[in-house]
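*Asks:* sequence and computational prediction follow.
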Amino acid sequence: MSLLNVRNLSKRFGGNAAVDDISFDLKAGELLALIGPNGAGKSTTFNMVGGQLPASAGSILFDGRELLGVPSHRIAHMGVGRTFQIAATFASLTVLENVQMALLSHHRKIFSFWRAAAHRFRDEALDLLRQVNMQDQASRPCSELAYGDVKRVELAMSLAGRPRLLLMDEPTAGMAPAERNGLVALVKDLVIQKNMAVLFTEHSMDVVFAYADRIIVLARGRLIAQGSAEEVRAHPQVQAVYFGTGKTFEAAISEGSRP
Ligand SMILES: Nc1ncnc2c1ncn2[C@@H]1O[C@H](COP(=O)(O)OP(=O)(O)OP(=O)(O)O)[C@@H](O)[C@H]1O
C-alpha cells in the first residue's frame, strides 16, 4: 500500500495553473524523482505536500490522513521531513550541535536554553552523524565544512525527526558531480535501510537516472509521464518537452547540463 497518495492536485496563481490536476503515489522504501523544466511546478507541488502552500483543489493522503489544510509544523510531526535547496544549518554551531538542535526541536524542547541542555541527545546525534558518514567531523563548526558536507549534516538533521517521508528539494544544488552522486547514493541507502519514502526534485539527470526507483515528469503544471528511468527516457512527450531543441537525454547527460 502507498504511503502517499496525491490525487487531482492543483494550484492556481491568478490565471496561471502552476500545478494542474496531478496524481501520483509513493510507497515506503521508494526513491521517487520529480523532474521537469524550469517553472514546471515542482516546487509548488513540494510546498503543497509539505504544507507551506494551500492547494486550490485535490487531495494529499499521507498514510491515509489528509494533509491539505494541516499546518506545516503538524505535518512534520506526522512524519514528513523536508530539506530545502539552500542548506539550513547554523554556521557558528558545530556539526554535532546542529544535529542536537534538530533533536531538541523534534522533541519540542525550548531552543533558548539549548546550550544548557547540550549534553542531551548527544548519543542520538552522533548516531545520526554516523548514518551520513559525518561522525569524524562532529566537533567542527559548520562554517568550516565543504558544501557537500553541509548537505550531509542537513540530511542528518532532517532524520532527527524520524520521517517516514522525506521531501528533498534539489538536494544536490550547488554540488560538484562526484559529491552529487555520493549524496544521492547515501539517500538511496537510507531509503532501503529505514524503509523510508523520499520524494526529490533534481535537475541533474545523471543522478536521477542512476538512483531513482521511479520518475514523474511535470511540464507546465501537468504530469506528462511517470515510470522507470527507461520508460521516462523513451517517452516521446518527455523528449519533446524536455529537449525541444532536438537534444537527446544521452547528450544532455554527457554535457552534464541543466535542462
Ligand atoms: N508565489 C507564486 N506566485 C505566482 N506564481 C508563482 C508562485 N510560485 C510559483 N509560481 C509560478 O508557478 C509556476 C511553477 O513554478 P515552480 O516554482 O513550482 O516551478 P519549478 O518546477 O519548481 O521550477 P524551477 O525548476 O525553476 O525551480 C511558474 O510559472 C511560476 O512562475
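*Replies:* Nice, thanks for sending it over. All values reported here derive from a predicted model rather than from experimental measurement.
*Asks:* name the nearest residue to the residue most central in space within the chain, sequence neighbours excluded.
*Replies:* Most central in the chain under CA atoms, centre = their mean is residue 168, positioned 1.0 Å from the mean C-alpha point. Sequence neighbours aside, residue 200 is the residue nearest to residue 168 in space, at 4.0 Å (criterion: CB to CB, 6 or more residues apart in numbering). (Each C-beta comes from the backbone N, C-alpha and C, glycine too.)
*Asks:* same question for residue 192.
*Replies:* On the basis of CB to CB, 6+ apart, the spatially nearest residue to residue 192 that is not a chain neighbour turns out to be residue 29, at 6.6 Å.
*Asks:* residue 72 now?
*Replies:* In space, and not counting its chain neighbours, residue 72 is closest to residue 51: 3.6 Å by CB to CB, 6+ apart.
*Asks:* show me what contacts that neighbour?
*Replies:* With CB atoms under 8 Å, 6 or more residues apart in numbering as the criterion, the residues that contact residue 51 are 67, 70-72, 74-75, 80.
*Asks:* ok, now residue 123?
*Replies:* The contact partners of residue 123, by CB under 8 Å, 6+ apart, come to none.
*Asks:* from the ligand, how far out is residue 165?
*Replies:* Look at residue 165 and the ligand: by CB to the nearest ligand atom, to the nearest Å, they are 19 Å apart.
*Asks:* what's the local residue count around that residue?
*Replies:* The burial count assigned to residue 165 is 24, neighbours taken as other CB atoms under 10 Å.
*Asks:* domain map for the chain?
*Replies:* Per automatic domain parsing, the structural domains of the chain span 1-79+163-259, 88-162.
*Asks:* okay, those domains in JSON lines with mean pLDDT next?
*Replies:* What follows is the domains of the chain, written out as JSON lines (pLDDT from 0 to 100):
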{"stretch": "domain 1-79+163-259", "mean pLDDT": "89"}
{"stretch": "domain 88-162", "mean pLDDT": "84"}
